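# Dropping a prediction and its sequence here:
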Amino acid sequence: PTVTPYRDYLEWLTRQDRESAQDAWRQALAGSDEPTLIAPTADWDEAPADSREVFVQAGAALDSALAELVQAHGLTLNTVVQGAWGLLVGKLTGRRDVVFGASVAGRPAGLPGMETMLGLFINTVPVRVRLDPAQTVAELLTELQAEQSALLDYQYLSLSEVQRQAGAGASFDTLLAFENFPSGGQGRLPEPAELRVVESGIQESINYPLGLVAGPIGGLKMRLNYRPDLFDAEEARGILDRLVRLLGQMAADPGMLVGRIGVLDGAEFARVVSEWNDTACAVPGGSLVELFGARVGCSPGAVAVSSPEGEWSYGELDRA
């Protein structure tokens, strides 16, 4: 079939109201004044670097709970994953207002033939998640989806232009991509005659310290790409495990307050509460005055306080 020419998309771009798009992004990010950064160093190299990966599959029970959540509240699974990632970024940064990047297809639904067009459309846009502890999970996700829906018509604006309009608050060092289409492993490609494919693979690079890729095909699967110069495998696995715990809590109780959601597992909780808080020590008996007097080597009759009104010994203060 004849493919719709890419020129049609370029002409569509020239017809867009860029001032309205710029204003929409400024309003969406108003009040977000600082970059959202979770990497252990602030001067990471933004050039692409070879990344490593950790994987997780939600499992049947969590898939079922998530399906009930999205159906009951009119949400998309993408919104739920974005909300959970925003919560996790908030926990890791200690902030209630976070921004991360999201990869979007960038194909305008109103352009005829867009589904068959060949060309580069994908874009990265900021996603802002404001975490109100008094808000329920369902309210958080509903608000997030409404905010993202309002920006759908403006996703063509480049990230650099959005950041120029919105300022430092539009900067981030984590990226999320939700892939709701079949990809690798969904079937074998026909092999050329007299040739046999014995191995195939892919080597990815990433501009950001962390990049989450999630997809619902065959159940929710998630892959966390991480830069090994900034995170090790254990840290990356811990981040992905925390994300699964957050999704589980959100799906199990959409009425739970955001402030009550926990990110730590049992071992981590015990470490914080018991190990790091192991400050018990023996406290000597006696009053404060006695202890102070003993420490400075003074007898009960020695002068402890002198003022124009008179003098008081350690013994007199202790009896008082």
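Now that the structure is in, tell me what you want to look at.

# Report the backbone C-alpha coordinates of stretch 133-153 in PDB.
In PDB, the C-alpha atoms belonging to stretch 133-153 read as follows (Å, rounded to 0.1, in the frame of the first residue of the first chain):
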ATOM      1  CA  PRO A 133       0.200  12.700  51.500                       C
ATOM      2  CA  ALA A 134      -3.500  13.400  52.200                       C
ATOM      3  CA  GLN A 135      -4.600  12.300  48.700                       C
ATOM      4  CA  THR A 136      -5.700   8.700  48.000                       C
ATOM      5  CA  VAL A 137      -3.900   6.600  45.400                       C
ATOM      6  CA  ALA A 138      -7.000   6.700  43.100                       C
ATOM      7  CA  GLU A 139      -7.100  10.500  43.400                       C
ATOM      8  CA  LEU A 140      -3.400  10.800  42.600                       C
ATOM      9  CA  LEU A 141      -3.700   8.600  39.500                       C
ATOM     10  CA  THR A 142      -6.900  10.300  38.300                       C
ATOM     11  CA  GLU A 143      -5.300  13.700  38.600                       C
ATOM     12  CA  LEU A 144      -2.100  12.500  36.800                       C
ATOM     13  CA  GLN A 145      -4.000  11.000  33.900                       C
ATOM     14  CA  ALA A 146      -6.100  14.200  33.500                       C
ATOM     15  CA  GLU A 147      -2.900  16.300  33.500                       C
ATOM     16  CA  GLN A 148      -1.200  14.100  30.900                       C
ATOM     17  CA  SER A 149      -4.300  14.000  28.700                       C
ATOM     18  CA  ALA A 150      -4.400  17.800  28.600                       C
ATOM     19  CA  LEU A 151      -0.900  17.800  27.200                       C
ATOM     20  CA  LEU A 152      -1.400  15.200  24.500                       C
ATOM     21  CA  ASP A 153      -1.900  17.800  21.700                       C
END
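
# for the chain, what spans make up the strands?
For the chain, the strands defined by DSSP state E occupy 49-50, 52-57, 97-104, 123-130, 174-178, 205-206, 210-215, 221-226, 303-307, 310-313.

# Adding distance to E268 and mean pLDDT, write those strands out as a markdown table.
Yep, even glycine has a C-beta here, placed from its N, CA and C like the rest. Formatted as a markdown table, the entries for the strands of the chain read as follows, by distance: least, CB to CB, whole Å; pLDDT from 0 to 100:
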| stretch | distance to E268 | mean pLDDT |
| --- | --- | --- |
| strand 49-50 | 29 | 76 |
| strand 52-57 | 17 | 94 |
| strand 97-104 | 21 | 97 |
| strand 123-130 | 23 | 97 |
| strand 174-178 | 20 | 96 |
| strand 205-206 | 26 | 80 |
| strand 210-215 | 19 | 95 |
| strand 221-226 | 18 | 95 |
| strand 303-307 | 48 | 83 |
| strand 310-313 | 52 | 85 |
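
# Generate a markdown table for those strands, with mean neighbour count as supplementary columns.
Putting the strands of the chain into a markdown table (neighbours: other CB atoms under 10 Å) gives the following:
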| stretch | mean neighbour count |
| --- | --- |
| strand 49-50 | 14 |
| strand 52-57 | 15 |
| strand 97-104 | 21 |
| strand 123-130 | 21 |
| strand 174-178 | 22 |
| strand 205-206 | 14 |
| strand 210-215 | 23 |
| strand 221-226 | 20 |
| strand 303-307 | 12 |
| strand 310-313 | 13 |
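
# got these as JSON lines, with distance to Q22 columns?
Formatted as JSON lines, the entries for those read as follows, by distance: least, CB to CB, whole Å:
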{"stretch": "strand 49-50", "distance to Q22": "31"}
{"stretch": "strand 52-57", "distance to Q22": "36"}
{"stretch": "strand 97-104", "distance to Q22": "17"}
{"stretch": "strand 123-130", "distance to Q22": "13"}
{"stretch": "strand 174-178", "distance to Q22": "22"}
{"stretch": "strand 205-206", "distance to Q22": "28"}
{"stretch": "strand 210-215", "distance to Q22": "27"}
{"stretch": "strand 221-226", "distance to Q22": "31"}
{"stretch": "strand 303-307", "distance to Q22": "69"}
{"stretch": "strand 310-313", "distance to Q22": "73"}
